[in-house]
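Chemist: Structure, please.
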Amino acid sequence: MEKPKNQTVDSNQDVEQAQDTERKAHYLALLEAALYVAGRPLDINELCQVIGSRSKKKVQKYADTLMQEYASRNTALEILALKEERYVLQVKAEFTPLIKKLVNRPLLSSGPLKTLSYIAYRQPVSQKRVIDVRGQHAYGHVKSLKDMGLITAERSGRTMALRTTDYFADYFGLTHDISLMKKELKRIFGEALKDDEQT
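Modeler: From the prediction side, this is the model:
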């Protein structure tokens, strides 16, 4: 006995809907895995590559869905949308001070961290000024910080003007607004320098 035509259409739609739901769950899981493994902000082009799609709009929709899912979970992790179509998976700011001692390898040792904090507080600051204050070893610090993408150097007369990058702000969970950032820095670097004095 043949199925009525409408019933066949309905069952086909059910199968397609189930496949769509499965595909969406797979893409969300891929994006989550990519953000977790990267440990840094990923831009929309990188996320497109992860799920093999050329449609930025579609990938943005998936990323926003994932971000909302994290927000509704009420856990210690969050996904944030940053400027220039970038997304990052990170620990919420209120948990950072409580867990920072568990991090095995700090991003920077105290010397480069002090040089970075000096640059961040006084940016834009000339490289000559940084070397005068921090000593000759700061040349190595500046090179490392540039290689890590935490600072940029632009030619300014006979010296270089140093300033922090967007990646620096994203990594430390800071605003991109320099004047507001300087207030936030006092809290973060102040603690780091106190820790260093105790050792």
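Chemist: Does residue 28 touch residue 66 like I think?
Modeler: Yes: the criterion here is Cβ atoms under 8 Å, and residue 28 meets it with residue 66 at 5.2 Å. All C-beta atoms are positioned from the backbone trio N, CA, C, and that covers glycine.
Chemist: neighbour count winner among the two?
Modeler: residue 66 (21 against 16; other Cβ atoms under 10 Å).
Chemist: in this protein, which helix has the most residues?
Modeler: helix 5-38 (DSSP state H).
Chemist: residues of that one that come out buried?
Modeler: Of the residues in helix 5-38, 27-28, 30-32, 34-35 count as buried by neighbour count, 16 or more other Cβ atoms under 10 Å.
Chemist: Just name whatever secondary elements that helix is in contact with.
Modeler: helix 44-51, helix 56-73, strand 86-91 (3 or more Cβ pairs under 8 Å, 6 or more residues apart in numbering; DSSP states H and E).
Chemist: any idea which helix or strand comes after the longest one?
Modeler: Put plainly, it is helix 56-73. Using DSSP states H and E, the helix or strand that directly follows helix 56-73 along the chain is strand 77-82.
Chemist: so where's this protein uncertain?
Modeler: 1-10, 100-107, 187-199 (pLDDT under 70).
Chemist: Please repeat the previous calculation with a cut-off of 80.
Modeler: Within the chain, the segments meeting pLDDT under 80 span 1-15, 39, 93-110, 156, 170-176, 179, 182-199.
Chemist: Thanks a lot, catch you later.
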